[in-house]
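Visitor: following is a predicted model, sequence given first.
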Amino acid sequence: MISVRTLLSELTDLDVEAPPPPPPAPRDATLATAVRRHIEAVLRECHGNQVRAAARLGIVRSTLTKYLTRWRAADARDGVRCVHCAAKAEWVARPHDQGYYRCPACRVGFLA
């Protein structure tokens, strides 16, 4: 029969590694930035469908539209950032696509 003391001594003798430390927080770790990243992630999961994204976020679509409009205006002032790596994106002139950007870092094209 195995006693509790024997079992405890065997468990405490095991070499168990400590869990890895959490990743460092981003430099711009504000609530507004966290909200924007979360909403953008949900929009990517919903393939840009605002109705589905708003339902998944638990908000009405008009609120989501207000967020997106506010962020587009800020991006127009500050420059558009890549949705993947947050690097500054470059505008690509195409006659049929207004607002088409390309990220020089990860070479991803997207509409903004």
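Guide: Yep, it's here. Values in this document were obtained by computation on a predicted structure and should not be read as measured data.

Visitor: flag the shaky bits of this protein, pLDDT-wise.
Guide: Applying pLDDT under 70 to the chain flags residues 1, 7-19, 22-28, 75-78, 91-99, 110-112.

Visitor: can I see the domain layout of it?
Guide: Segmentation of the chain into domains, based on automatic domain parsing, reads 30-78, 80-112.

Visitor: do you know which of those lies nearest residue 3?
Guide: Go through those one by one with C-beta to C-beta and the one that ends up closest to residue 3 is domain 30-78, at 50.3 Å. C-beta here means a position set from N, CA and C on the backbone, and glycine is covered the same way.

Visitor: my guess is residue 42 meets residue 53, correct?
Guide: Yes. Here residue 42 reaches residue 53: they are 4.9 Å apart, a contact under C-beta atoms under 8 Å.

Visitor: who has more neighbours, those two?
Guide: Using other C-beta atoms under 10 Å as the criterion, residue 42 and residue 53 rank with residue 53 on top: 22 against 16.

Visitor: for the more buried one, what are its contacts?
Guide: Taking C-beta atoms under 8 Å, 6 or more residues apart in numbering as the contact definition, residue 53 lies against 39, 42-43, 45-46, 64.

Visitor: excluding its backbone neighbours, what's nearest it?
Guide: The shortest distance from residue 53 to any non-neighbouring residue, by C-beta to C-beta, 6 or more residues apart in numbering, is to residue 46 (4.3 Å).

Visitor: same check, this time on residue 71
Guide: For residue 71, the nearest residue in space outside its immediate sequence neighbours is residue 36; the separation is 6.4 Å by C-beta to C-beta, 6+ apart.

Visitor: what packs against the helix ranked longest in the chain?
Guide: Here the longest helix in the chain is taken by residue count, with DSSP state H as the criterion, and it is helix 61-78. Under the contact definition 3 or more C-beta pairs under 8 Å, 6 or more residues apart in numbering; DSSP states H and E, helix 61-78 sits against helix 31-45, helix 50-57.

Visitor: rerun that using 7 Å as the cut-off
Guide: Applying 3 or more C-beta pairs under 7 Å, 6 or more residues apart in numbering; DSSP states H and E, one finds that helix 61-78 contacts helix 50-57.
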